[in-house]
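# Got a sequence here, can you model it:
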Amino acid sequence: MSYFRNVKPQIEQLLEMFSRNERWLITINADPDALGSALALKRIMSHRVADVGIASVNDVTRPDNLAMIRLLRIPMIKMTPQVTAQYDRFAIVDSQPHHHPLFSELDYSIVIDHHPLNDDYPVQSEFKEILPGYGANSTILTEYLYQMKIRPGKMLATALMYGIKTDTNDFERNFNEVDIRAFKYLSKFANHPLLSRISRSEMHSDWLEYFSRAITGMHKVGSGRYAFVGMVENPDALVVIADFFMRVHEMRWVAVCGVYKDKAVIIFRGDGVNRDLGHFAYCQFNDVGSAGGHKALARAEIPIAELDGKDVEMFVFKRLVSPTRNRSIKCAKPADEDIEKIVES
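Below is the predicted model:
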């Protein structure tokens, strides 16, 4: 049995699309999986087209993502109309054209993704490979490299490994056997000290103040904990704090809330055993904002204007402890695609 599935027909179709006279732009919503995937596709295109660029629709702010870009020397630019005008053809990885307004403005020749399909937004593309059963998009690109007999260099292998590691949450959610095979294969070529260094680049030094606020102001909510940290310059700090608290012995679930610009952002993390946090977040907050996620991780965002001048900390706390709210609201779960958008936003 082959180590990976046979993707030779897809590769033949892909290679027929490339011309040395054309400039290609790979567009992404930058996170580790998208960055690794874009680097892999750029490697496949190299020497087959005139030029390949990588452009992101989002600003990268998470410290580990910034470390990944810097240490692995990923050449990425911000996606703007002025940038896209310089290219002839477009590819998108780890997303679909309807996932962002800037994406939807382009006609894509290549779409490679692992997020759920949406029947309301059919993907129109000359080449498309969309595999929702895969835990990481980097796994798909690893299959292509393997079948093309392209040995990934240290930087590329490390980027792909980190993409798989983060999107599967260290193989704790949404993965299958092929993700494990890809991770194992890439481990032979990756720079493991560099991978560890990127993984440990979790926070900015000025985030330590948020930790202090969270620890001193923590409330007990049933079997979980709630912490309010006030105004934050970056909501990614809330994610780091919530992940940290889940390392505490007997911490079953935690909700960390902060105010970012004009929204209250609540990050949920749990052990995935005692409570479905995605459903809980949706039931408690979807009537005042957007909310949802997976069983062990979820997110809610509430426009401050919706609170009518109420104290943010106490409003969220009352919602979390409300024992009747789940029964009083119709809590149909959001679609899989909506869950991915909420969690990844």
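
# Show me the shaky parts of this structure.
The chain contains residues with pLDDT under 70 at 1, 202, 323-345.

# at 80 instead, please
Within the chain, the segments meeting pLDDT under 80 span 1-2, 172-173, 201-206, 274, 323-345.

# Tell me which stretches of it form strands.
23-28, 51-56, 77-78, 89-93, 110-113, 127-130, 219-221, 224-231, 253-260, 263-270, 290-293, 297-303 (DSSP state E).

# can you redo the ones you listed as CSV with distance to Gly309?
C-beta coordinates here come from the backbone N, C-alpha and C atoms, glycine included. Output for the strands of the chain, formatted as CSV (distance: least, C-beta to C-beta, whole Å):
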stretch, distance to Gly309
strand 23-28, 39
strand 51-56, 37
strand 77-78, 37
strand 89-93, 42
strand 110-113, 42
strand 127-130, 45
strand 219-221, 22
strand 224-231, 17
strand 253-260, 14
strand 263-270, 13
strand 290-293, 21
strand 297-303, 13
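
# contacting residues for Leu320?
Contact partners of Leu320, counting by C-beta atoms under 8 Å, 6 or more residues apart in numbering, are 221, 224, 226, 255, 284.

# Lys42: neighbour count?
20 (other C-beta atoms under 10 Å).

# for His47, same thing?
Neighbours of His47 using other C-beta under 10 Å come to 8.

# roughly how far apart are it and Asp206?
Separation of His47 from Asp206 (C-beta to C-beta, to the nearest Å): 44 Å.

# Apart from its neighbours in sequence, what residue is nearest Tyr146?
Phe4 (5.4 Å; C-beta to C-beta, 6 or more residues apart in numbering).

# can you put the strands of the chain in CSV and add distance to Met148 and mean neighbour count?
As requested, the strands of the chain are exported to CSV (distance: least, C-beta to C-beta, whole Å; neighbours: other C-beta atoms under 10 Å):
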stretch, distance to Met148, mean neighbour count
strand 23-28, 17, 23
strand 51-56, 16, 20
strand 77-78, 26, 12
strand 89-93, 16, 25
strand 110-113, 14, 23
strand 127-130, 14, 17
strand 219-221, 51, 13
strand 224-231, 47, 20
strand 253-260, 43, 24
strand 263-270, 39, 24
strand 290-293, 36, 24
strand 297-303, 35, 23
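
# Out of the ones you listed, which gets nearest to Leu194?
Judged by C-beta to C-beta, the one of the strands of the chain that comes nearest to Leu194 is strand 51-56, at 19.5 Å.

# tell me which strands and helices the closest one is in contact with?
strand 23-28, helix 32-45, strand 77-78, helix 81-84 (3 or more C-beta pairs under 8 Å, 6 or more residues apart in numbering; DSSP states H and E).

# Apply 6 Å and report the result again.
If contacts are counted by 3 or more C-beta pairs under 6 Å, 6 or more residues apart in numbering; DSSP states H and E, strand 51-56 sits against strand 23-28, helix 32-45.

# who does the shortest one pair up with?
When pairing is defined by DSSP bridges, strand 23-28 lines up against strand 51-56 (parallel), strand 89-93 (parallel).

# Give me the distance between the nearest residue to Pro97 once chain neighbours are set aside and Leu186.
For Pro97, ignoring the flanking residues on the chain, the nearest one in space by C-beta to C-beta, 6+ apart is Phe103 at 4.8 Å. Distance from Phe103 to Leu186, counting by C-beta to C-beta: 27 Å.

# Looking at the two now, which is surrounded by more residues?
More crowded of Phe103 and Leu186, by other C-beta under 10 Å: Leu186, with 26 against 20.

# Just confirm that one contacts Ala157, I think it does.
Yes. Counting by C-beta atoms under 6 Å, Ala157 is a contact partner of Leu186 at 4.7 Å.
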